[in-house]
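**Student:** pasting a predicted model and its sequence here:
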Amino acid sequence: MRVLIRVFLGLLLAAPAPAQQVTLPKAKGSVRFAVIGDSGTGEKPQYETADRLRLAREQFPFDFVLMMGDNIYGSKTPRDFARKFELPYKALLDQKVSFYASLGNHDVPEEQQYKLFNMNGQRYYSFKKGDVRFFALDSNYMDPDQLKWLTEQLQNSNDEWKIAFFHHPLYSSAAAHGSSVELRGILEPLFQKYGVQVVFSGHDHVYERMAPQKGIAYFTEGSSGQLRRGDVRGAGFTAKFFDTDCSFMLVEIAQNELYFQTLSRSGETVDAGKVTRAEAQKVVVPTAAARPRHDLALQLLQTRPEPR
Amino acid sequence: MRRRLAAAGLALAAAAVLGVAAELDCLAQSEAVEEKGPQGKQARFREFLGKVHSYDQLRTAARSGVPNAGKKATAEEIEKHKTALAEKIEEARKEAKPGDIFTPDSQKAFRSAIDKAHSGKRAAKIDRTIVQGEPVKLDLYVNKPYPEKIPITTVPPTLLQHFPKLPKKIEYRVVGNDLVLEDAESNLVIDIFPGAFPNAPPHD
């Protein structure tokens, strides 16, 4: 009998935890995607987080994934591309999910030619899905040419939603790196002037959502493979964070609303809410799906040292 | 024999490229006019830009016969292209040495640009960008690959605004206290300006 109980318990512990309910609205015709960052380690946490992403797609069929950079850590042989990208996301790739990459400091420029990253040989590029225009930037090398390109692209965009994504966060309270202040001074005025509503970044190996800054919603998702446990220090701009496990984001844009839900490697919802277009500054609203224990994390913010 | 012929071909191409240096100077000059007049940024870096364009021409010549990876390549195709291109460039530039492109005059121009950028309140922001980019101290060698396992350091945008514009897929890197010119297509170090950043923030 004892043996049977042990076997039963063993099976119970070995089985992956069931995915938590995805609470996004799944509105007809909405733009649905996932966000991962700092993923390409080829290690177990990446594989487990990728598997959780696969499970989430069963409930929330997203069409594409934005990558915040550090897509391939370490060596970059064809075997590494397989081990650090193609294999962990095989199920999604097989289901024709597209990945759109930005470059991190651990990436190499030739990744822009890698067909599965959909960069079409460009360090920075834009693409459109429904009423949403995405701008993928190379924050490793923000030269005048890229800024000129971005300005022109933003000027010419009449899209309802404008979303930028790149590696280095303009706001971050993580101890390891923190806010990219110089880059912020250059990019944020452009985002403000031309109506970018949402910015996703990585680099710091945590999840952090900022209270809207100058009307723009900022998210850091840099823990889809890497993790710096307990790295978030919290700052006045921090609205929510999660730094105790790997995570990824699910996002849905339906007309004037952008809904987000952030899930951990174990399938727990660690943050959720929505951003309303045109009034993003006022209405980043956490939903009930975000569990109370992370409100505790918010309280912890006050006890942690000031960020750099 | 085939390799020698190829090397000879590249050497000829390189010679031809050097032969049009004057033409490239004109190009650099016209860019200078476009920038801020003859005293502008491009003009101050005329010699440097001429040499960079020469390198770019050499690379163009080296691309012939190298398997093209294209814009939607597999990891294998990217690897083949990069390796084959690097081999040809290394062969064509086997005499390359530090200072070939960052000549003493060019170094003066860069030093002045760095001092100008790295001043006042901007200095702290530039240093912070370098630190946040996970700075490294490496022993790099001209005409040899930049190690892929090492992160590429973030180049502060303010510096890039003060540096002359480079051809596509040639990029600046800040490595330790040095300014490095890198071929982002072949992953080779084109040249190094040692000690360009004497007060660079601490690195790993």
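**Tutor:** Great, that's in hand. Numbering: from 1, shown residues only, chains lettered A, B, ... in the order given.
**Student:** which stretches of chain A have low pLDDT?
**Tutor:** Within chain A, the segments meeting pLDDT under 70 span A:1-20, A:279-308.
**Student:** can you list the residues of it near chain B?
**Tutor:** Counting by C-beta under 8 Å from any C-beta of the partner chain, the residues of chain A close to chain B are A:74-78, A:80-82, A:105-110, A:113-115, A:120-121, A:139-145, A:147, A:168, A:177-178, A:180-183, A:185-186, A:203. The C-beta positions use only the backbone N, C-alpha and C, and glycine is treated the same way.
**Student:** quick one, helices of chain A?
**Tutor:** All helices of chain A, identified by DSSP state H, fall at A:2-14, A:44-59, A:78-81, A:90-94, A:144-156, A:181-193, A:293-301.
**Student:** can you spell out the domain ranges of chain B, please?
**Tutor:** Using automatic domain parsing, the domain parsing of chain B gives B:2-92, B:104-193.
**Student:** what's the closest of these to A:S172?
**Tutor:** A:S172 lies closest, by C-beta to C-beta, to one member of these: domain B:104-193, at 9.3 Å.
**Student:** what is the mean pLDDT for the closest one?
**Tutor:** Throughout domain B:104-193, pLDDT has a mean value of 91.
**Student:** quick one: it to chain centroid distance?
**Tutor:** 9 Å (C-alpha atoms, centre = their mean, to the nearest Å).
**Student:** ditto for stretch B:100-111
**Tutor:** 12 Å.
**Student:** show me what the residue nearest the centre of chain B is bridged to.
**Tutor:** By C-alpha atoms, centre = their mean, chain B has its centre lying nearest to B:L181, at 2.8 Å. According to DSSP bridges, the residues that bridge with B:L181 are B:Y172, B:D191.
**Student:** return the residues in contact with it.
**Tutor:** B:52, B:101-102, B:166, B:170-173, B:189-192 (C-beta atoms under 8 Å, 6 or more residues apart in numbering or on different chains).
**Student:** next one: A:F242
**Tutor:** A:206-208, A:223, A:262, A:264, A:270-271, A:294, A:297.
**Student:** mean neighbour count, the domains of chain B: which tops it?
**Tutor:** Each of these was scored by mean neighbour count; the highest is domain B:104-193, a mean of 19, by mean count of other C-beta atoms under 10 Å in any protein chain shown.
**Student:** straight-line length of that one, end to end?
**Tutor:** End-to-end span of domain B:104-193 (C-alpha to C-alpha, to the nearest Å): 9 Å.
**Student:** contacting residues around residue 147?
**Tutor:** Assuming you mean chain A. Under the criterion of C-beta under 8 Å, 6+ apart, the neighbours of A:L147 are A:186, A:190, B:157.
**Student:** you looked at the wrong chain, it should be chain B
**Tutor:** So B:P147 contacts B:L138 (C-beta under 8 Å, 6+ apart).
**Student:** what do you get for A:A164?
**Tutor:** A:134-135, A:137, A:187, A:191, A:196, A:198-200.
**Student:** residues contacting B:A86?
**Tutor:** Neighbour list for B:A86: B:145, B:186-188 [criterion: C-beta under 8 Å, 6+ apart].
**Student:** Three-state assignment for it, please.
**Tutor:** Going by DSSP: H, G, I helix; E, B strand; the rest coil, the secondary structure assigned to B:A86 is helix.
**Student:** where's it relative to chain A, distance?
**Tutor:** Distance, B:A86 to chain A, using C-beta to the nearest C-beta, to the nearest Å: 11 Å.
**Student:** show me how far stretch A:24-35 is from its chain's centre.
**Tutor:** The chain centroid and the centroid of stretch A:24-35 are separated by 15 Å, computed with C-alpha atoms, centre = their mean.
**Student:** can you give me the helices in chain B?
**Tutor:** Using DSSP H, helices in chain B cover B:2-19, B:21-36, B:41-44, B:46-63, B:75-92, B:104-117, B:120-132, B:157-162.
**Student:** and the nearest residue to B:P145 once chain neighbours are set aside, what does it touch?
**Tutor:** In space, and not counting its chain neighbours, B:P145 is closest to B:N187: 5.0 Å by C-beta to C-beta, 6 or more residues apart in numbering or on different chains. Residues in contact with B:N187 (C-beta under 8 Å, 6+ apart) are A:108, A:110, B:82, B:86, B:145-146, B:148.
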